[in-house]
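Visitor: generate a structure from the sequence data that follows.
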Amino acid sequence: MNELVYHDLEPDLPARERLRWLRRGRKEYRAQPYEQLAAYYRRQGHDEQARRVLLAKHRHYRRSRPWYARIFGYLLDGMVGYGYRPGQAALWMLALLIAGSVFFTYRRPEPINAGEHPHYQPVLYAADVLLPIINLGQESAFKHHGPAQWVASAMILLGWLFATAVVAGVTRVLTRS
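Guide: Coordinates of the predicted model:
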């Protein structure tokens, strides 16, 4: 299958079935068959099918790596599908918002200024910590100490990571020609 070039395939099958065709070939990783099939689907105007093929390419490559090199691949696949599924990042953000809201309901932060602070809202606090750039006035009015501070810091880092993936995905959708 490596080095095979084609411009049309009959019958017109979905990527899932064509990927079975590629898997019947050699077990060793070769990028070209995946790239060729993805190019075919792009020429046909089937961007989702092309992304499915490229995602399968990354997963096949990951299987060809030693176990210690696969760890980051599993992480990247689970979070954003190697960049081909940015919607997963939005779902992760929603899950973090829910988990953070529950956590901050039971681990209330202390107000920075005891006399002047907005009413504490765990959901708004979690959203303020998680969503970069947006300021809801909760994070700047309250602060955690100890383990809860570590949770808040982790949410800030993950918020930047997932928000970047969501923005990249939305940008790709909007700039598609």
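Visitor: what helix or strand does the most centrally placed residue in the chain sit in?
Guide: Centroid-nearest residue in the chain, with CA atoms, centre = their mean: residue 80, separated by 2.1 Å. Secondary structure from DSSP states H and E places residue 80 in helix 67-80.
Visitor: could you do residue 34 as well?
Guide: helix 32-43.
Visitor: I'd like the average pLDDT over that helix.
Guide: Mean pLDDT, helix 32-43: 90.
Visitor: same for that helix, what does it pack against?
Guide: Packing partners of helix 32-43 (3 or more CB pairs under 8 Å, 6 or more residues apart in numbering; DSSP states H and E): helix 15-23, helix 47-64. Backbone N, C-alpha and C define where each C-beta goes, glycine included.
Visitor: and the angle from the longest one to helix 67-80?
Guide: Relative orientation of helix 47-64 versus helix 67-80 (axes from the mean of the first three to the mean of the last three CA atoms, to 10 degrees): 160 degrees.
Visitor: return the set of buried residues in helix 47-64.
Guide: The neighbour-count check on helix 47-64 (16 or more other CB atoms under 10 Å) flags 49-58, 60-62 as buried.
Visitor: from those residues, which is closest to residue 134?
Guide: The nearest member of the buried residues of helix 47-64 to residue 134, counting by CB to CB, is residue 51 at 29.2 Å.
Visitor: now do the domain split for the chain, please.
Guide: Using automatic domain parsing, the domains assigned to the chain come out as 15-83, 87-175.
Visitor: helix, strand or coil for the residue of the chain positioned farthest from its centre?
Guide: Going by CA atoms, centre = their mean, the residue of the chain most distant from its centre is residue 115, 41.0 Å out. Here residue 115 is coil, with the state taken from DSSP: H, G, I helix; E, B strand; the rest coil.
Visitor: residues in contact with it?
Guide: Residues near residue 115 by CB atoms under 8 Å, 6 or more residues apart in numbering: none.
Visitor: and it, how far from residue 141?
Guide: 12 Å (CB to CB, to the nearest Å).
Visitor: and stretch 143-154, what's buried?
Guide: So stretch 143-154, judged by 16+ other CB under 10 Å, has buried residues 144, 148, 151, 152.
Visitor: pull the residues that contact it.
Guide: 100, 103, 104, 107, 109, 110, 112, 129, 139.
Visitor: check which helix or strand covers the closest residue to the second one other than its chain neighbours.
Guide: Residue nearest to residue 103 in three dimensions, not counting chain neighbours: residue 151, with 6.1 Å by CB to CB, 6 or more residues apart in numbering. When elements are assigned from DSSP H and E, residue 151 belongs to helix 147-175.
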